[in-house]
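Participant: Can you look at this prediction? I've put the sequence above it.
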Amino acid sequence: MNLDRIINMVIRRITNRLVNKGIDAGVKVASRKGGAKTGAASQNAPQMDADAVKNAKRAAKMARRMGRK
C-alpha cells in the first residue's frame, strides 16, 4: 500500500469516531441521560411531555443497539 491510502484510512477512521461521538452525545442529551442537569441551561429548556420523553428514550435505546452490532 502506498502512503496516500494509509493516510486516507487513518483520516476516515478518526472522522468516523468523531462523528459517532457527536451522535452519541446528541442522543444522550435527547434522552436526558446527559447534558446540563442544573443551572441556567436546564431551567430555560422547555419541558418535554411524557410521550416525547418516552420516544426519546426509545430512540436512544435503538441507537445504542445499532451501535453494538
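Facilitator: Ah, there it is. Numbering: from 1, shown residues only.

Participant: Every contact and neighbour count from this point should use C-alpha atoms.
Facilitator: OK.

Participant: residue ranges with poor pLDDT in the protein?
Facilitator: Within the chain, the set of residues satisfying pLDDT under 70 comprises 33-48, 68-69.

Participant: in the strand or helix carrying residue 59, what's buried?
Facilitator: Residue 59 is located in helix 50-68, with elements delineated by DSSP states H and E. When burial is assessed from 16 or more other C-alpha atoms under 10 Å, helix 50-68 yields the following buried residues: 56, 57, 60.

Participant: longest helix of the chain?
Facilitator: What stands out as the longest helix in the chain, according to DSSP state H, is helix 3-30.

Participant: Now do that helix: which elements does it pack against?
Facilitator: The elements that helix 3-30 packs onto, with contact taken as 3 or more C-alpha pairs under 8 Å, 6 or more residues apart in numbering; DSSP states H and E, are helix 50-68.

Participant: Extract the CA atoms of the helix it packs on and return them as PDB.
Facilitator: What follows is helix 50-68 as a C-alpha-only set of coordinates in PDB (Å, rounded to 0.1, in the frame of the first residue of the first chain):
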ATOM      1  CA  ALA A  50     -44.300  12.200  28.800                       C
ATOM      2  CA  ASP A  51     -44.800  10.800  25.300                       C
ATOM      3  CA  ALA A  52     -41.800  12.800  24.000                       C
ATOM      4  CA  VAL A  53     -39.600  11.600  26.800                       C
ATOM      5  CA  LYS A  54     -40.700   8.000  26.100                       C
ATOM      6  CA  ASN A  55     -40.000   8.400  22.400                       C
ATOM      7  CA  ALA A  56     -36.500   9.900  23.000                       C
ATOM      8  CA  LYS A  57     -35.600   7.100  25.400                       C
ATOM      9  CA  ARG A  58     -36.800   4.500  22.800                       C
ATOM     10  CA  ALA A  59     -34.700   6.200  20.100                       C
ATOM     11  CA  ALA A  60     -31.600   6.300  22.300                       C
ATOM     12  CA  LYS A  61     -32.100   2.600  23.100                       C
ATOM     13  CA  MET A  62     -32.400   1.700  19.500                       C
ATOM     14  CA  ALA A  63     -29.300   3.800  18.600                       C
ATOM     15  CA  ARG A  64     -27.300   2.000  21.300                       C
ATOM     16  CA  ARG A  65     -28.400  -1.400  20.000                       C
ATOM     17  CA  MET A  66     -27.500  -0.500  16.400                       C
ATOM     18  CA  GLY A  67     -24.000   0.700  17.600                       C
ATOM     19  CA  ARG A  68     -23.300  -2.700  19.200                       C
END
